[in-house]
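Q: just need the structure, nothing else, for what follows:
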Amino acid sequence: MKQRLFEIKSNEQIAKNVYRMQLCGDTTGILPGQFVNIRVEGQFLRRPISVCNIEPPLNNIEPHLTIIYKVVGVGTEAMSRLPIGTQLNVLTVLGNGYDLSKAGNKPLLVGGGVGVPPMYMLARQLREMGKAVRVILGFNTKDEVFYEEEFRALGCDVTVTTVDGSHGVKGFVTNALNGKQSYYYTCGPLPMIKALLQAAGTNGEVSMEERMGCGFGACMGCTIQTTQGPKRVCKEGPVFAASELLL
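A: Here you go, the predicted model:
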């Protein structure tokens, strides 16, 4: 865990109630699947947000961190109003990340709603390794869809599902499963994860979404039960082997 200061370079809405924020600062050590914990003025608890992407310094441009978050309460609503230039106190390098060594040649990445962002950095690094990456993105409706074209720009095979059928395949992410994948990685709401684990038919890794207090393992508030006993999502997770989850 590292406590660092970041400066907001952009903070824009990209879909219904969904915002993308780019922060300049020290991104050293951040891995796909990890998260950051952001102090928001006036809020007692920090806001844990998955890392969407990091960009290294290039041609005198500072390194920056991209996060994507959904406005669901007073904390994230306050974040959506923060202006460019605001300095934020951020805890970084939190939790574990995805294990890219297990991907095989044809990994499947499945993201649902705000579980989509951590899939992007993972997809980018897997593509840089030469993997044939298939991505399924699940949303409720067309107004909520984001990052479809960004994944395509990486060279991924992308399928989008919407529950109401207003964009892409009608239904849930499991409706878009076809063929065989060497391994899968996923992040999203619990009902989606449960359905995927039953339908995928291969081994994989799951990033769990859970309410957090401290974000670094002290308060035990995000503990879940696994085949190996209780584990903290913020510390032993958020990424777990699918086989050890009791869902």
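
Q: quick check, pLDDT for Asn11.
A: The predicted structure scores Asn11 at 97 on the pLDDT scale.

Q: got the buried residues for the helix or strand hosting Gln198?
A: Per DSSP states H and E, Gln198 falls inside helix 190-199. Within helix 190-199, the residues that count as buried by 16 or more other CB atoms under 10 Å are Met192, Ile193, Ala195, Leu196, Leu197. Placement of C-beta: from N, CA and C, glycine included.

Q: surely Val239 touches Gly97?
A: Yes - with contact defined as CB atoms under 8 Å, Val239 and Gly97 form a contacting pair (6.2 Å).

Q: shared neighbours, the two?
A: Jointly contacting Val239 and Gly97 under the rule CB atoms under 8 Å, 6 or more residues apart in numbering are Gly33.

Q: name the residue in the two with the higher neighbour count.
A: Set Val239 next to Gly97 and count neighbours by other CB atoms under 10 Å: Val239 wins out with 23 against 20.

Q: and the closest residue to Pro107 other than its chain neighbours, how many neighbours?
A: Spatial nearest neighbour of Pro107, excluding adjacent residues (CB to CB, 6 or more residues apart in numbering): Tyr183 at 5.1 Å. Neighbour count for Tyr183, taken as other CB under 10 Å: 22.

Q: touching, Tyr183 and Ser101? I think so.
A: No - Tyr183 lies out of contact with Ser101 (CB under 8 Å); the separation is 10.0 Å.

Q: name the helices or strands packed onto the host helix or strand of Cys52?
A: Element membership for Cys52 (DSSP H and E) is strand 47-55. Contacts defined by 3 or more CB pairs under 8 Å, 6 or more residues apart in numbering; DSSP states H and E place strand 47-55 against strand 35-38, strand 64-70, helix 74-80, helix 117-128.

Q: the third one: which residues count as buried?
A: By 16+ other CB under 10 Å, the buried positions in helix 74-80 come out as Gly75, Thr76, Met79, Ser80.
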